[in-house]
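> Predicted model and sequence below, questions to follow.
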Amino acid sequence: MKRNLIIASILIGGIFGLLPLIAKIAIFAGLALYLFNAYDEYDYQLRTGGHK
């Protein structure tokens, strides 16, 4: 039982150690998608003659 608790604590610690990395990747990917969509909309508006 004690060995399972040690293994579980190591696995949980590893997962919590990766959370900041996963959060950084998610924020960066979200920001990249937002900027791409904003530029795409801007480019589309330029090509079609602006807002109607």
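Done, it's in.

> so how far is F36 from the residue nearest the centre of the chain?
Central residue of the chain (C-alpha atoms, centre = their mean): A26, 0.9 Å from the mean position. Per C-beta to C-beta, to the nearest Å, A26 is found 16 Å from F36. Yep, even glycine has a C-beta here, placed from its N, CA and C like the rest.

> One more: A8?
Relative to F36, and taking C-beta to C-beta, A8 is found at 41 Å.

> what helix or strand is Q45 on?
helix 2-48 (DSSP states H and E).

> same question for that helix, mean pLDDT?
Mean per-residue pLDDT for helix 2-48: 90.

> Would you mind giving the secondary structure of G50?
State at G50, reduced to three classes by DSSP: H, G, I helix; E, B strand; the rest coil: coil.

> Could you list which residues are in contact with the residue lying farthest from the centre of the chain?
In the chain, M1 marks the outermost C-alpha relative to the chain mean, sitting 36.9 Å out by C-alpha atoms, centre = their mean. Residues near M1 by C-beta atoms under 8 Å, 6 or more residues apart in numbering: none.
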